[in-house]
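Novice: how would this look folded up:
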Amino acid sequence: MNIAQYLDSTYLKTPVQSGLSDEETLQKDKDLAQEAIDNGIFAVMIRPDYVSEIKKYVKEKNSDVVVGTVIGFHEGTYSIDEKLAEASKAIADGADELDFVINYNAYLKGNLSLVKEEFVRCTKLCVQHHKTAKWIIEIAALNDQQIADLTKNISNWAEENFSETDLSKIFVKSSTGFYETTGGKPNGATFEGVRIMLDNAGKLPVKAAGGVRTPEDAEKMISLGVKRIGTSSALALIKNQSASESY
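Specialist: Predicted coordinates for the structure are as follows:
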């Protein structure tokens, strides 16, 4: 199985989180992009501040590697207007795909109208600009019933507000990789959580992010039906090695 075509190769640490300078972070992103170019990896997923430079780098290499970024990351509690502003800048900078953290805290508090509004407005912005929108629901923060319910709601909102041809570019995604769990609970994609997402996503594709640490895990996720996998160890996976990173 050619798993490279399913992979979003990811580096999402800020300079503060990594202890690197802006220049060193940009170089890591360029290295990530070159690794994707050299190995047929579908996409790179980076922080918004670096999209413009990495898009330029990929174009200079005459590559079709997709450049993606994250919006409202990682807590998801940004206001709708803040998410729209961040997304608009990312699109202007050349982002092909935008992975939004849904306001799962608002969902957990029962404010479904806010969650629906942000989904519809932000997805509409992406559709208007022919971009892919992926919605991170942070399954580690939810129980199984909530995973099913939130995924189903997103599927319903998508079908109600967008055309059939748009749906293939509206994903439900499992995790940020930054959620802090307790008691050794996984903070990324699990087979059980992803199965629930797949069972409730309807016509929407699903992305498993975090926790896919071996080629066998990646192949199993793909066999279950996921269309994309987010990982910070893309090269290890395609070289038939186990991931060294936690995401």
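
Novice: where along the chain do the strands fall?
Specialist: 7-11, 43-46, 66-71, 97-101, 132-136, 170-173, 206-209, 228-231 (DSSP state E).

Novice: so can I have TSV of the ones you listed showing distance to Asn161?
Specialist: Every C-beta, even on glycine, is put in place using the N, C-alpha and C of the backbone. Compiled in TSV, the strands of the chain are given as follows (distance: least, CB to CB, whole Å):
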stretch	distance to Asn161
strand 7-11	25
strand 43-46	25
strand 66-71	18
strand 97-101	15
strand 132-136	12
strand 170-173	10
strand 206-209	19
strand 228-231	22
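
Novice: Can you lay out those strands as JSON lines showing mean pLDDT, distance to Ala189 and mean neighbour count?
Specialist: Formatted as JSON lines, these follow (pLDDT from 0 to 100; distance: least, CB to CB, whole Å; neighbours: other CB atoms under 10 Å):
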{"stretch": "strand 7-11", "mean pLDDT": "98", "distance to Ala189": "12", "mean neighbour count": "24"}
{"stretch": "strand 43-46", "mean pLDDT": "98", "distance to Ala189": "14", "mean neighbour count": "27"}
{"stretch": "strand 66-71", "mean pLDDT": "98", "distance to Ala189": "16", "mean neighbour count": "25"}
{"stretch": "strand 97-101", "mean pLDDT": "98", "distance to Ala189": "14", "mean neighbour count": "26"}
{"stretch": "strand 132-136", "mean pLDDT": "98", "distance to Ala189": "11", "mean neighbour count": "25"}
{"stretch": "strand 170-173", "mean pLDDT": "99", "distance to Ala189": "9", "mean neighbour count": "26"}
{"stretch": "strand 206-209", "mean pLDDT": "98", "distance to Ala189": "4", "mean neighbour count": "27"}
{"stretch": "strand 228-231", "mean pLDDT": "98", "distance to Ala189": "8", "mean neighbour count": "28"}
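
Novice: quick one: which of these is nearest Ala148?
Specialist: Distance to Ala148, taken as CB to CB, is lowest for strand 170-173 among the strands of the chain, at 11.2 Å.

Novice: by contact count, what packs against the closest one?
Specialist: Applying 3 or more CB pairs under 8 Å, 6 or more residues apart in numbering; DSSP states H and E, we find strand 170-173 packed against strand 132-136, helix 144-161, strand 206-209, strand 228-231.

Novice: who touches it?
Specialist: Strand 170-173 has contacts (CB atoms under 8 Å, 6 or more residues apart in numbering) with 99, 123, 127, 132-137, 151, 154-155, 158, 162, 197, 201, 204-209, 227-228, 230.

Novice: how deep is the spatially closest residue to Lys56 that is not a sequence neighbour tucked in, by neighbour count?
Specialist: Leaving aside its sequence neighbours, Lys56 sits nearest to Gly94 (CB to CB, 6 or more residues apart in numbering; 7.6 Å). Gly94 has 16 neighbouring residues, counting by other CB atoms under 10 Å.

Novice: I'd guessed Gly94 sits against Lys55; true?
Specialist: Yes: if you go by CB atoms under 8 Å, Gly94 and Lys55 touch, sitting 3.4 Å apart.

Novice: what do those two both touch?
Specialist: Val67.

Novice: ok, Thr14 touching Arg47?
Specialist: Yes: using CB under 8 Å, Thr14 is in contact with Arg47, at 6.5 Å.

Novice: what residues do those two have in common as contacts?
Specialist: With CB under 8 Å, 6+ apart, Thr14 and Arg47 have common neighbours Thr25.

Novice: Compare neighbour counts for these two and give me the winner.
Specialist: It is Arg47, of Thr14 and Arg47, that has more neighbours when counted by other CB under 10 Å, with 18 against 12.
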